[in-house]
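Enquirer: Structure, please.
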Amino acid sequence: MSTLTALPTVVLTREQIQFFQREGYLVLDSVVPPEEVERMREIYDKLFASKAGRAQGEFFDLGGTDEEGKAEALPQMMNPSRYAPEIAVGQFRANAAAIARQLLGQHAEFKQDFAICKPPGSAVPTPWHQDNAYLDPKFDHNNINIWIPLQPANLENGCLHFVPRTHLSGDILPHHSINNDPRIEGLECDQVDLAKAVAAPIPPGGATIHHTRTLHYAGPNNSKNPRRAYILEFEAPPIKRSVPHDFYWQKARQTSRNRRYATIGARTRNTLYRIAKKAKKLVKS
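Expert: Model (predicted):
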């Protein structure tokens, strides 16, 4: 079913919208129909098994030094719909787009998709961070991430945790590379007050939705199975700043992923851009 024709089956209540605006996150038990979860999981596993996009810097180790021949501590893939367009088709896409418009306004647009796979028995957490710390510092961003597990997400395998209301000030807190190692792509916040942190376990096909300024974290995967998360990012039109944010942590990173991306050349980057535009049109509804 294409999102060009599918009608959303999920409509947020006024109470849910108000909760998100106040707390910076929202938990939904069902966004993806069960048959789509199974189909997406099969596509997802094939993509990660092939490490699609590694040469282009789109498959990388978020939590480790990303060395060739070394198992990834926390494998992440950007734009999986570039490499498997069929993952961009389904009822859940219409639901995600409808949720984004309710939370960000009618001008909300799909920005990108990405996926994070936490291997079985992984001791590596996803540290506390704000997603905006990864974004373009020349703009103020009003974005949401819709985080969908393709199996149960719980305390054992690394569900998301949030610090409510950390999106309200508009501030991006200081961050640094994980373990203060500039070779690592992932970021963590310098200091977090966890007194009000809450866990958000959800069933497969459910979703957590958070503002990209909301502090969040995912624990290690102590289970015997992979913890698969597929994420959709939507944005309201970004606002150009007169003075850019000082995201000094971005300048400090010296990662293998960035080196791979830098060596693929302008022609390949232009090709990837055209593919991304096609994928973006496919998921619009």
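
Enquirer: C-alpha from now on. contacts and neighbour counts both.
Expert: Will do.

Enquirer: Just give the number of residues close to residue 242.
Expert: For residue 242, the count of nearby residues is 8 (other C-alpha atoms under 10 Å).

Enquirer: Number of residues surrounding residue 123?
Expert: Residue 123: 13 neighbours (other C-alpha under 10 Å).

Enquirer: avg pLDDT for stretch 26-39?
Expert: In this model, stretch 26-39 has an average pLDDT of 96.

Enquirer: looking at the protein, which helix or strand does the model trust least?
Expert: helix 265-283 (a mean of 57; mean pLDDT, DSSP states H and E).

Enquirer: any idea how far residue 219 is from residue 256?
Expert: Per C-alpha to C-alpha, to the nearest Å, residue 256 is found 25 Å from residue 219.

Enquirer: The residue positioned nearest the centre of the chain: what's it in contact with?
Expert: Central residue of the chain (C-alpha atoms, centre = their mean): residue 231, 4.4 Å from the mean position. Applying C-alpha atoms under 8 Å, 6 or more residues apart in numbering to residue 231 gives the contacts 113-115, 145-148.

Enquirer: that older thread, higher neighbour count, residue 256 and residue 219?
Expert: Between residue 256 and residue 219, residue 219 has the larger neighbour count (other C-alpha under 10 Å), namely 22 against 19.

Enquirer: need the contact list for that one.
Expert: 124-127, 155, 157-160.

Enquirer: how about 6 Å then?
Expert: Counting by C-alpha atoms under 6 Å, 6 or more residues apart in numbering, residue 219 makes contact with 125, 158.

Enquirer: wait, is residue 44 part of a helix?
Expert: Yes. The assignment for residue 44 by DSSP: H, G, I helix; E, B strand; the rest coil puts it in a helix.

Enquirer: What pLDDT does the model give it?
Expert: Listed pLDDT for residue 44 reads 97.

Enquirer: now do residue 170
Expert: Reading off the confidence values, residue 170 has pLDDT 89.

Enquirer: Look up the closest residue to residue 247, ignoring the ones flanking it.
Expert: Leaving aside its sequence neighbours, residue 247 sits nearest to residue 137 (C-alpha to C-alpha, 6 or more residues apart in numbering; 6.4 Å).

Enquirer: Ignore what I typed, I meant residue 155.
Expert: Looking at residue 155 with C-alpha to C-alpha, 6+ apart, the closest residue is residue 201, at 6.8 Å.

Enquirer: Repeat that for residue 112.
Expert: Leaving out its chain neighbours, residue 112 is closest to residue 233 (C-alpha to C-alpha, 6+ apart), at 5.4 Å.

Enquirer: and the one you found, bridged to which residues?
Expert: residue 112, residue 145 (DSSP bridges).

Enquirer: Need the pLDDT of it.
Expert: 98.

Enquirer: Surely residue 144 touches residue 212?
Expert: Yes. Counting by C-alpha atoms under 6 Å, residue 212 is a contact partner of residue 144 at 5.5 Å.

Enquirer: Okay, helices next: where are they in the stretch 151-285 of the chain?
Expert: Taking DSSP state H, counting those that start in this stretch as the test, the helices found in the stretch 151-285 of the chain are 248-252, 256-263, 265-283.

Enquirer: What residues of the first one count as buried?
Expert: Think helix 248-252. Neighbour-count burial for helix 248-252 flags 249-250 (criterion: 16 or more other C-alpha atoms under 10 Å).

Enquirer: For that helix, what is the distance to the chain centroid?
Expert: Centre-to-centre, helix 248-252 and its host chain are 20 Å apart (C-alpha atoms, centre = their mean, to the nearest Å).

Enquirer: What of stretch 50-66?
Expert: Taking mean C-alpha positions (C-alpha atoms, centre = their mean), stretch 50-66 and its chain are 15 Å apart.

Enquirer: what mean pLDDT does it have?
Expert: Per-residue scores along stretch 50-66 average to 94.

Enquirer: Quick one: end-to-end distance for it.
Expert: 16 Å.

Enquirer: So, low pLDDT: which residues of the protein?
Expert: Where the chain drops to pLDDT under 70, the residues are 1-5, 264-285.

Enquirer: what do you get if the cut-off is 50, keeping everything else the same?
Expert: By pLDDT under 50, the low-scoring segments of the chain are 1-4, 285.

Enquirer: so how far is residue 73 from the most far-flung residue of the chain relative to its centre?
Expert: Centroid-distance maximum for the chain: residue 242 at 27.5 Å, with C-alpha atoms, centre = their mean. Noted for residue 242: a distance of 38 Å to residue 73, by C-alpha to C-alpha.
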